[in-house]
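J.: The amino acid sequence is not available; the structure is as follows:
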DNA sequence: GGAGCAATGCTCTAATTGAGCATTAGCCGT
DNA sequence: ACGGCTAATGCTCAATTAGAGCATTGCTCC
């Protein structure tokens, strides 16, 4: 296993920036999509800002990373969230680092370039602990086309798909490097047109396609030339500052995928819950498509929960057993999770 | 869905660094784990450096991100790799952004703090295209305990597990915040001790545990106080500079997981291949545990490949049909991949 | 020409998954 | 106190999928 020139003294390798022109430097932004489920609604912790150019004023909690102060990125993130909202969340995971020029509403080149690191945090709202700043809002407010709880959302057929079809019919502005995927095919993959399936995990892909097609307010902010074709578009969700809606889309994709192979759903639950409450929470995240009896069989046989011995009576029907998360499952199985399939109801 | 104080004029939100002490700034390092499979061996593109403090001299291709020059992180990454190795890879995905102080071999506080973004790139080595700088090395050189191709690796029982057990028997140095997981339990989850299963995807978890236990050279570099108990440890793999071995561990975890639900394995294959060659490549990445007939049934029935019509004769046995990747499968199924289970042979 | 070695085709069984039926047990209004 | 309502819960059944193994075929090499 030895290839190429295994040189004793390798050729000098450059590491200094390829051009040296006193760059204005890079700043790292830490951004948290903090998710909870409250009364069967998936909600997100929002901080209000002053309006920016397109009128967007909603933002995730965020702030710059300053390494002297915080030993790790995550510690910095928690500090900013506490500072801005008063919240201490438990579970957190890194999502993605975005560095595209122009997606951070910086059309001019003054000021440092901002690279955004997005995080997903999960928490539970009890009725007691919401003494904090910031507002909980449904995540579907920002992504109405992802809301399939009352069937196929009307905005898809009324607004999005007609416009996307028109966009797909046009050739790309410039040739795409590499192996190009036809616009029609991307529509099919992500929006399920033409016999394709709707995959609830592809939230980010759909958002990026809408951005590219110029249907998202943030795209018009970042590429003002798009505003020329500025016919009113209708309600395509509330815009957010910077690339925060992209981070939220990443968060939604991640949690919808992860629920299926890691027991993260329990981060959103109170300590004790009924199986139906658990199912409602899963459905709030994924969309409603679970067979109740099978869900219960799945969760119980996977050893994810154990009965507390208590019952909950005010269910509206027969009293339900209360369960708690069985943490030991983490030790027993490599990938425990609510293995629901994207199938129907 | 309205909580807390939905203030008309929100309280001022701080965004400036919490302390203002003229930080030395942050630099972003772009690092690429470039993986191929050559003669059934998973290999990695390595660049040699001058030795650092612990004698580590192997590194991934890397360089700083300079936003003025490169519009996106990925463009910057490709430029550095081309510059240092002459390679243009196709597929690439971002892995993770590491920002811990001290893991980048910066015990002193001079110089900028480096935040490393790791990437996984996949490519194929034909016999023609290896006219480049850099060396391909087996990834098992850096992770001998991950090499189960000839059965359970001896280094596990001979060296790692005895030392890890001793470590697990000690209490943690300082209490861990949050919900602590017992060291024994972590060993069980990640190393399959005491009846637990070995999960080939948990490469990063194992590396981090070994690092924490001080068994990895890089840990001794970063925390010199560990070197006190500096009994010779034996071959725990070649060290790398900075946090590059951590990035490689992340890459191995990612590709071992991703192969199962996305057709990324084909990025490692030549255009035409036999099903057994495909199987060998999957096994190079995952470890050998596939039932041949079932593998073939799986791959064919999933529509991942189509016959080219050609045959390959010099197989050592009966001639084999040649196949190619069916790209259309991407349009047909939401998550196509080689859905192999972690089961036995 | 026969042995050796993979490739390939099939079968069988055990698990898992998807759906639906039936029964049970509190709550509520009368 | 009672019947109706709503869920919770227990089971059954068929369809699919996954895990293993047997049998045959068709080149290459001695």
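T.: All right, it came through fine. From a predicted model like this one, the values you see are computed outputs, not experimental measurements.
J.: tally of neighbours for the nearest residue to residue A:303 once chain neighbours are set aside?
T.: If you skip the residues right next to it in sequence, residue A:303 has residue A:329 as its closest partner in space, 5.0 Å away by CB to CB, 6 or more residues apart in numbering or on different chains. Quick note: C-beta positions are derived from backbone N, CA and C, even for glycine. By the criterion of other CB atoms under 10 Å in any protein chain shown, residue A:329 has 17 neighbours.
J.: Residue A:91 and residue A:258: what is the separation?
T.: Taking CB to CB, to the nearest Å as the measure, residue A:91 falls 11 Å from residue A:258.
J.: Common neighbours of these two, please.
T.: Among the neighbours of residue A:91, those also in contact with residue A:258 (CB atoms under 8 Å, 6 or more residues apart in numbering or on different chains) are residue A:264.
J.: So these two - more neighbours on which side?
T.: The residue with the greater number of neighbours, taking residue A:91 and residue A:258 and applying other CB under 10 Å, is residue A:258; the counts read 18 against 15.
J.: show me what contacts that one?
T.: With CB under 8 Å, 6+ apart as the criterion, the residues that contact residue A:258 are A:264, A:337.
J.: secondary structure element for residue A:185?
T.: Using DSSP states H and E, residue A:185 maps to helix A:183-191.
J.: Check which residues of that helix are buried.
T.: By neighbour count with 16 or more other CB atoms under 10 Å in any protein chain shown, helix A:183-191 contains the buried residues A:183, A:185-191.
J.: moving C-terminal of the host helix or strand of residue A:80, what's the next helix or strand?
T.: When elements are assigned from DSSP H and E, residue A:80 belongs to helix A:73-85. Later in the chain than helix A:73-85, the nearest helix or strand by DSSP H and E is strand A:91-98.
J.: The next helix or strand after that next one near chain B anywhere?
T.: With elements assigned by DSSP H and E, the helix or strand that comes after strand A:91-98 is strand A:113-122. Yes - applying CB under 8 Å from any CB of the partner chain, one finds strand A:113-122 touching chain B at A:113, A:115, A:117.
J.: Might one say that the second one is in contact with residue A:96?
T.: No - between residue A:115 and residue A:96 there is no contact, the gap being 10.9 Å when judged by CB atoms under 8 Å.
J.: just checking, residue A:94 touches residue A:72?
T.: No - the pair residue A:94 / residue A:72 is not scored as a contact, 10.7 Å apart, by CB under 8 Å.
J.: which one of residue A:115 and residue A:96 has more residues nearby?
T.: Set side by side, residue A:115 and residue A:96 give different neighbour counts by other CB under 10 Å, the larger being at residue A:115 (23 against 19).
J.: Tell me if residue A:33 really is in a strand.
T.: Yes - when the secondary structure is assigned by DSSP: H, G, I helix; E, B strand; the rest coil, residue A:33 falls within a strand.
J.: Next, find the distance separating it from residue B:180.
T.: Looking at residue A:33 against residue B:180, where the rule is CB to CB, the gap reads 26 Å.
J.: Tell me if residue A:160 really is in a helix.
T.: Yes - Residue A:160 forms part of a helix when assessed by three-state DSSP.
J.: count of neighbours near it?
T.: Each residue near residue A:160 was counted by other CB under 10 Å, and the total is 23.
J.: quick check: angle from the longest helix seen in chain A to strand A:113-122?
T.: Taking residue count as the measure and DSSP state H as the definition, the longest helix of chain A comes out as helix A:244-258. Our comparison of helix A:244-258 with strand A:113-122, counting by axes from the mean of the first three to the mean of the last three CA atoms, to 10 degrees, yields an angle of 40 degrees.
J.: Mean confidence (pLDDT) on the helix or strand just after helix A:244-258, please.
T.: Remark: after helix A:244-258, the chain's next helix or strand is helix A:275-286, criterion DSSP H and E. Throughout helix A:275-286, pLDDT has a mean value of 94.
J.: hmm, helix A:275-286 touching DNA strand D?
T.: Yes - applying CB under 7 Å from any atom of the strand, one finds that helix A:275-286 is in contact with DNA strand D at A:275-276.
J.: So which residues make contact with that helix?
T.: By CB under 8 Å, 6+ apart, the list of residues contacting helix A:275-286 from outside reads A:37, A:40-42, A:149, A:200, A:255-256, A:259, A:265, A:268-269, A:273, A:289-290, A:292, A:295-296, A:299-300, A:305, A:315, A:320-321, A:323, A:338, A:340.
J.: thinking residue A:256 is in contact with residue A:203, fair?
T.: Yes - in this structure residue A:256 lies within contact range of residue A:203 using CB under 8 Å: 6.9 Å.
J.: still on that earlier bit, which one's more surrounded, residue A:33 and residue B:180?
T.: When residue A:33 is set against residue B:180 and neighbours are counted by other CB under 10 Å, the residue ahead is residue A:33, at 25 against 11.
J.: Check whether that one really touches residue A:61, as I assumed.
T.: No - assessed by CB under 8 Å, residue A:33 is found out of contact with residue A:61, at 9.1 Å.
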